[in-house]
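Asks: My questions are about this predicted structure, shown below with the sequence.
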Amino acid sequence: MFGRQDLATQMFADQFEPDGDGYLYRKRLKGAPIRVSAEERAEFMAAYERTQGWSKVCIIVAVVVGVMGTAVVAVISGQEFTAAPIVAVLVLLVIIFVGIDFWLWQQPARALEGRLPVGQERSKDELARRHLEKLNWGTIAGSGALFVFLFWRMTGFRDLLQGWNLLWLIGCGAGLLLVTVQGFRKWRLQQASR
């Protein structure tokens, strides 16, 4: 969770592309570019990073309070303690914090709503090409190795063809297929650019 904060901040910063002495803001990397100054970008970045710091603390507190509160309610009510209420609380917290993060990502778009764009929105193909250019071979190989390891690990003590264990087989197979497709798309992109 904590290592991903830098990734989230970098992804937020990627919405601002350098342009002369300022930046072009593209909502979710795809929207029509809107010119912003370096100072405005710095303010947006500082607000996002500040809120991400508070969000991290709030997540920890909410998880602890949610799990402990669920356990206390189960003990006080005399019901059997199961994982289902805890999972429900955690899913609810994830939904809430993803919603908050989505709202934070939209803050520059809300603040710049009245400004005229200086160009066109990116096409799906151009956006996909940019994402593939950023994807490195180490990530592709590491992801593939992770799915192979999970598959190997699960076959050691579970019959993957029985009941719910089949989901491990399907998940690992789908993950490997996704990694293979992304690797092929990246390879094809590199071949076309030569």
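Replies: Noted; the coordinates are in hand.

Asks: Tell me the buried residues in the helix or strand Glu43 falls within?
Replies: Using DSSP states H and E, the element containing Glu43 is helix 38-77. By neighbour count with 16 or more other CB atoms under 10 Å, helix 38-77 contains the buried residues Glu40, Arg41, Phe44, Tyr48, Thr51, Gln52, Ser55, Ile59, Ala62, Val63, Gly66, Thr70. Backbone N, C-alpha and C define where each C-beta goes, glycine included.

Asks: Please apply the same query to stretch 179-194.
Replies: Buried, per 16+ other CB under 10 Å, within stretch 179-194: Val179, Gln182, Gly183, Lys186.

Asks: mean confidence for the one helix or strand the second one maps to?
Replies: Translated: Gln182. Assigned by DSSP H and E, Gln182 falls within helix 166-192. Confidence for helix 166-192, expressed as mean pLDDT, is 92.

Asks: Same question for stretch 44-62.
Replies: Stretch 44-62 shows a mean pLDDT of 87.

Asks: Contacts for it next, please.
Replies: 1-2, 5, 8-9, 12-13, 16, 36, 93, 96-97, 100-101, 104, 107-108, 111 (CB atoms under 8 Å, 6 or more residues apart in numbering).

Asks: can you list the domains in this protein?
Replies: With domains defined by automatic domain parsing, the chain comprises 3-111, 124-192.

Asks: Now render the ones you listed as TSV, adding distance to Val118.
Replies: Converted to TSV, these look like this (distance: least, CB to CB, whole Å):
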stretch	distance to Val118
domain 3-111	5
domain 124-192	17
